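Engineer: following is a predicted model, sequence given first.
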Amino acid sequence: MLNNFLGRRPLTGLLVIALGLSGGCVTEEVASNAEFVLGELAAASASAESIELEGKTLVYSANLSNLARKVRSVNLELDKKALVIDYLILQERIDCILDDIEGAAEDDQTIQCQGKVLVNTEGEHGLLGVPDILERINSRDGGPAKRDYLTSYLGTWDWIQRVNRVDNGLAQIGRSNAIPVFGALVKAIHRFPILYEGNELVPRRDVPKLLDQYLARDTDEARRTLVMEYLER
């Protein structure tokens, strides 16, 4: 099921994938860099080289044509900027993993970037843990190949975070509704969608029916499968 979902999204060749990252907290630096990248993409010279700013690579040459094509495919400047911000945050997360993976393996620690755990010490829900990620990175020759692998990994990681968010959100609503006396009141006033990174995963109108289906499942695995099926629609 997870493979079916990912199979509908291009994760090879360092393609830019829409992770919906810009819906969350965006630093001033990332927003400023996105403006710079948009200006460079508009220049004719941006067709072949990487985009750099003060010695830091913002857009890698392997990604440039694909990012430029995606930016040209949307009309609103806000949407163009969101695509670039998504790309920049993705590259920041790749850099975090590459910078910290060896130390994390030695110290048996997770890898975090701006408060988000990108790689756990052990694998879970189809994601590999730190030792296995390090092994796969080391098995690839050259920076582009390593970044290509981590682009794919982070696409899977983002999908798992969305599943976790809905799974945990439904479980929390179910527990709140089950509270004696106050449960009925909570159920009556809870009319919120389930969000992740500013994106609506479960609209408000879908929550009651999905919650009933969720609570009717007997095992954690069955409930998680239901969530994945819902998000794949």
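Structural biologist: Perfect, thanks for sending it. Residues are numbered from 1 along each chain as shown.
Engineer: what about the helices in this structure?
Structural biologist: 2-7, 28-42, 61-72, 77-107, 130-138, 143-177, 182-189, 207-216, 220-232 (DSSP state H).
Engineer: closest to residue 119 out of those helices?
Structural biologist: Of all the helices of the chain, it is helix 130-138 that lies closest to residue 119, at 5.3 Å by CB to CB. The way it works is simple: take the backbone N, C-alpha and C, and place the C-beta from them, glycine included.
Engineer: mind listing what's buried in the closest one?
Structural biologist: 130-131, 133-134, 137 (16 or more other CB atoms under 10 Å).
Engineer: that one to helix 143-177, inter-axis angle?
Structural biologist: 150 degrees (axes from the mean of the first three to the mean of the last three CA atoms, to 10 degrees).
Engineer: returning to what we had before: out of the buried residues of helix 130-138, which one sits closest to residue 51?
Structural biologist: Nearest member of these to residue 51, counting by CB to CB, is residue 137, at 24.3 Å.
Engineer: contact partners for the closest one?
Structural biologist: By CB atoms under 8 Å, 6 or more residues apart in numbering, the contact list for residue 137 reads 97-98, 101, 146, 149-150.
Engineer: let's see 6 Å
Structural biologist: Going by CB atoms under 6 Å, 6 or more residues apart in numbering, residue 137 touches residue 146.
Engineer: got a pLDDT number for it?
Structural biologist: Residue 137 carries a pLDDT value of 97.
Engineer: ok, it to residue 111 distance?
Structural biologist: Look at residue 137 and residue 111: by CB to CB, to the nearest Å, they are 12 Å apart.
Engineer: now swap in residue 210 and tell me
Structural biologist: Taken as CB to CB, the span from residue 210 to residue 111 is 32 Å.
Engineer: these two: who's more crowded?
Structural biologist: Set residue 210 next to residue 111 and count neighbours by other CB atoms under 10 Å: residue 111 wins out with 22 against 19.
Engineer: close enough to count as contact, the more buried one and residue 120?
Structural biologist: No: counting by CB atoms under 6 Å, residue 111 does not reach residue 120; the two are 8.4 Å apart.
Engineer: neighbours of residue 107, how many?
Structural biologist: 11.
Engineer: swap that for residue 151, sorry
Structural biologist: Neighbours of residue 151 (other CB under 10 Å): 23.
Engineer: and for the one 3 residues further on?
Structural biologist: Summarising burial for residue 154: neighbours were counted as other CB under 10 Å, giving 21.
Engineer: and the one 4 residues further on, by the same measure?
Structural biologist: Other residues near residue 158 number 20, with proximity taken as other CB under 10 Å.
Engineer: which pLDDT value does the model give it?
Structural biologist: At residue 158, pLDDT is 96.
Engineer: what about it, distance to residue 89?
Structural biologist: If you go by CB to CB, the gap between residue 158 and residue 89 works out to 11 Å.
Engineer: same question, residue 226
Structural biologist: Relative to residue 89, and taking CB to CB, residue 226 is found at 30 Å.
Engineer: other residues contacting stretch 123-134?
Structural biologist: With CB under 6 Å, 6+ apart, stretch 123-134 has contacts from 2, 101, 104-105, 119-122, 160.
Engineer: same list (those residues) but as JSON lines, adding neighbour count and distance to residue 74.
Structural biologist: Formatted as JSON lines, the contacts of stretch 123-134 follow (neighbours: other CB atoms under 10 Å; distance: CB to CB, whole Å):
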{"residue": "2", "neighbour count": "15", "distance to residue 74": "28"}
{"residue": "101", "neighbour count": "21", "distance to residue 74": "34"}
{"residue": "104", "neighbour count": "23", "distance to residue 74": "37"}
{"residue": "105", "neighbour count": "19", "distance to residue 74": "40"}
{"residue": "119", "neighbour count": "29", "distance to residue 74": "31"}
{"residue": "120", "neighbour count": "17", "distance to residue 74": "34"}
{"residue": "121", "neighbour count": "16", "distance to residue 74": "39"}
{"residue": "122", "neighbour count": "13", "distance to residue 74": "39"}
{"residue": "160", "neighbour count": "16", "distance to residue 74": "27"}
